[in-house]
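**Student:** test case, fold it:
(one chain, ligands or ions: 1)
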Amino acid sequence: MRQGDTLYIDGEWTAADRGGTFPVTDPANGTEIGRAADAGRAETERAIAAAQAAFPGWSGRTAYERAAVLDTAHRLMTEQCEELAQLMTREQGKSLKAARNEVKYAADFLSWFAEEAKRVYGATLPSNRAGHRFFVLRQPLGVVSAITPWNYPVSMITRKVAPAIAAGCTMVLKPAEQTPLCAVAVFEILAEAGLPAGVANLVTTGRPAEVGEPLVTSPAVRKLTFTGSTQVGKLLAGQAAGDMKRLSMELGGHAPFVVFDDADPVHAAKGAALVKFLNTGQACICPNRIYVHRSIMDPFAAALVDRVKRLKIGRGDGGCDIGPLVDEAALAKVQRQVADATAKGARLLVGGERVLDEGLAQGQFFAPTVLADVDSTMTIYREETFGPVAALIPFDDEAEAIELANDTEYGLASYVYTKDLARALRFAEALQFGIVGVNDINPTAAAAPFGGVGVSGLGREGGAQGIDEYLDVKLVGISI
Ligand code: NAD
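**Tutor:** Residues are numbered from 1 along each chain as shown. Got it, this is the predicted structure:
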């Protein structure tokens, strides 16, 4: 494993200018598992310059040549799935099974955008004038800055890198300070796949604001693609407005999960448990408000509690379902939300406290928790939890359910369980979210557009739409 030389700039692995590094720790026990280069402004500016210099050459390659690199990267990532998953579990804390699934999901973006590279079609339009023609070209927009989070430390990178380089853009990526080693592993694959120098550059840092500033404000950068919290997304969007950069923003969520009385409460509880406790609740698509029809609340809650009691808590490599939270701040947020809810009348059905069992006290483990009788006065009803707490709220009819589900400024994922097709369609159309799962807890794939509305963000990743985010549309009018 690289020790400190984790910057990948213009095709070379290097250390930070003054040799500075920062520790990378295992969230399950706090031990140091490696060190990453602590880049600052100067290294970032060099990476941007390298991307700028590489742009004419890379955008001038044929789509078939760009696709070939992505196809090779896909093969390498698939071959290295196990090593990558082991690293992810150590660095981020999720279970090995979940880490393997993430690597497969991440690799899917490489193959999907290898194909999409070849389908960047233009258009010819009928003109309203004789002797005149219109053409529409779609062209790579230039140098892209990418900033990614720790919770999906491999797939959030390929979801940006694959469409950017497929389109012919060049880029600089800054991964989260908690998970730089997974980013290094992805960039080692890109290098081995034959990506030319300067096309994709990696800048690791423990000082995100210092590196973020040139990434977000440099005139050489034409686009910022960001995945992370709404709070930081708003800040960066403001900074990027200076010279009207293009933006993709994949931000926080506050997903409603609505269970009607015609749904099977046990089946719905199984779905709720799987998606609520996904990645220990640290996914942007995790339900934050679980609305259950009053008539089936008791069997639903009983089935959910039963499943929660069977979840195994521990290190990700020990066959566990619930891993550690990423840091002390994440643990404190969950504890604060649970204390606030119970003080205001929520009933604790299971969990509710930090796990200090032998071997776990050094990590940030929080017991999977179910709260009943949650209401709109509680912090958890509005604030993204990003932890393993399921908040149950009863409702009485469909009109009320849709109003409650839409009662948030976020708009990423949403879920509805019903056997009534007409109701499912009414709901899917009325939910003000970018993603709706109907009796489905996994409405995501590389081939599908992922993204939110409201303060959950701008733009889409994946699907046919994903490459549009890296293309400018140019109109050519010709008099003949
Ligand atoms: P975060 O906003 O704290 O950090 C995300 C990234 O931004 C990290 O790389 C961090 O170093 C960087 N950053 C922080 N401050 C910065 C600054 N001033 N300048 C430049 N960069 C800066 O978010 P997080 O806690 O790492 O991630 C969790 C959040 O991400 C949650 O809100 C979650 O919902 C969201 N998320 C969204 C999606 C999606 O697709 N919509 C996917 C995963 C995570």
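**Student:** what's the end-to-end length of stretch 459-472?
**Tutor:** This stretch, stretch 459-472, spans 14 Å end to end (Cα to Cα, to the nearest Å).
**Student:** buried residues in that stretch?
**Tutor:** For stretch 459-472, the neighbour count (16 or more other Cβ atoms under 10 Å) marks 459, 460, 461, 462, 463, 465, 466, 467, 468, 469, 470, 471 as buried. Glycine gets a C-beta too; all of them are placed from N, C-alpha and C.
**Student:** so which bits of the stretch 351-480 of the chain are right by the ligand?
**Tutor:** Within the stretch 351-480 of the chain, the positions near the ligand by Cβ under 6 Å from any ligand atom are 384, 386, 412, 452, 457.
**Student:** ranges for the helices of the stretch 51-200 of the chain?
**Tutor:** Remark: helices assigned in the stretch 51-200 of the chain by DSSP state H, counting those that start in this stretch are 63-79, 81-92, 96-116, 155-167, 180-192.
**Student:** is the ligand contacted by the second one?
**Tutor:** Right, helix 81-92. No - for a cut-off given as Cβ under 6 Å from any ligand atom, helix 81-92 has no contacts with the ligand; the smallest distance is 10.9 Å.
**Student:** among the residues of the stretch 351-480 of the chain next to the ligand, who's most crowded?
**Tutor:** Neighbour counts for these, by other Cβ atoms under 10 Å, peak at residue 457, which reaches 28 neighbours.
**Student:** returning to what we had before: with mean neighbour count and mean pLDDT added, can I get the helices of the stretch 51-200 of the chain in a markdown table?
**Tutor:** As requested, the helices of the stretch 51-200 of the chain are arranged in a markdown table below (neighbours: other Cβ atoms under 10 Å; pLDDT from 0 to 100):
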| stretch | mean neighbour count | mean pLDDT |
| --- | --- | --- |
| helix 63-79 | 19 | 98 |
| helix 81-92 | 21 | 97 |
| helix 96-116 | 22 | 97 |
| helix 155-167 | 28 | 98 |
| helix 180-192 | 23 | 98 |
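**Student:** mind giving me TSV with those helices and columns for distance to residue 339?
**Tutor:** As requested, these are arranged in TSV below (distance: least, Cβ to Cβ, whole Å):
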stretch	distance to residue 339
helix 63-79	42
helix 81-92	27
helix 96-116	28
helix 155-167	31
helix 180-192	33
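**Student:** for residue 226, which of those helices is the nearest?
**Tutor:** With Cβ to Cβ, the closest approach to residue 226 among those belongs to helix 155-167: 9.1 Å.
**Student:** so which elements touch that closest one?
**Tutor:** helix 63-79, helix 96-116, strand 143-147, strand 170-174, helix 180-192, strand 200-202, strand 221-227 (3 or more Cβ pairs under 8 Å, 6 or more residues apart in numbering; DSSP states H and E).
**Student:** now, the buried residues of stretch 459-472 that are in helices?
**Tutor:** Judged by DSSP state H, these include no members of helices.
**Student:** residue of the stretch 1-150 of the chain nearest the ligand, please.
**Tutor:** Closest residue of the stretch 1-150 of the chain to the ligand, Cβ to the nearest ligand atom: residue 149 (3.5 Å).
**Student:** for that residue, what are phi and psi?
**Tutor:** Backbone geometry at residue 149, expressed as degrees, to the nearest 10, gives phi -90, psi 180.
**Student:** and it, how far from residue 258?
**Tutor:** As judged by Cβ to Cβ, to the nearest Å, residue 149 and residue 258 stand 27 Å apart.
**Student:** picking up where we left off before, looks like the residue of the stretch 1-150 of the chain closest to the ligand contacts residue 174 (just checking).
**Tutor:** No - using Cβ atoms under 8 Å, residue 149 is not in contact with residue 174; the gap is 10.9 Å.
**Student:** the more surrounded of these two?
**Tutor:** Neighbour totals were compared for residue 149 and residue 174, and residue 174 leads with 24 against 20 (other Cβ under 10 Å).
**Student:** follow-up on the earlier one: right, and the helices of the stretch 51-200 of the chain - which one's nearest residue 397?
**Tutor:** Closest of the helices of the stretch 51-200 of the chain to residue 397 is helix 96-116, at 36.8 Å (criterion: Cβ to Cβ).
**Student:** that closest one packs against which elements?
**Tutor:** Under the contact criterion of 3+ Cβ pairs under 8 Å, 6+ apart, helix 96-116 touches helix 63-79, helix 81-92, helix 155-167.
**Student:** okay, the angle between it and helix 63-79?
**Tutor:** Computed by axes from the mean of the first three to the mean of the last three Cα atoms, to 10 degrees, the angle separating helix 96-116 from helix 63-79 equals 170 degrees.
**Student:** spell out which parts of the stretch 101-250 of the chain neighbour the ligand.
**Tutor:** Applying Cβ under 6 Å from any ligand atom, we find that the stretch 101-250 of the chain lies next to the ligand at 147-152, 156, 174, 176-177, 208-209, 212, 227-229, 232, 235-236, 250.
**Student:** swap the cut-off to 5 Å and go again
**Tutor:** 147, 149, 176, 208, 209, 212, 227, 228, 229, 232, 250 (Cβ under 5 Å from any ligand atom).
**Student:** once you drop chain neighbours, what's closest to the last one?
**Tutor:** Take residue 250 and drop its neighbours on the chain: the residue closest to it by Cβ to Cβ, 6 or more residues apart in numbering is residue 227, 4.0 Å away.
**Student:** who are the neighbours in contact with that neighbour?
**Tutor:** By Cβ atoms under 8 Å, 6 or more residues apart in numbering, the residues touching residue 227 are 147, 148, 149, 156, 159, 160, 250, 251.
**Student:** and the last one, what is it in contact with?
**Tutor:** So that's residue 251. Residue 251 neighbours (Cβ under 8 Å, 6+ apart): 226, 227, 228, 229, 230, 233, 284, 412, 452, 455, 456, 457.
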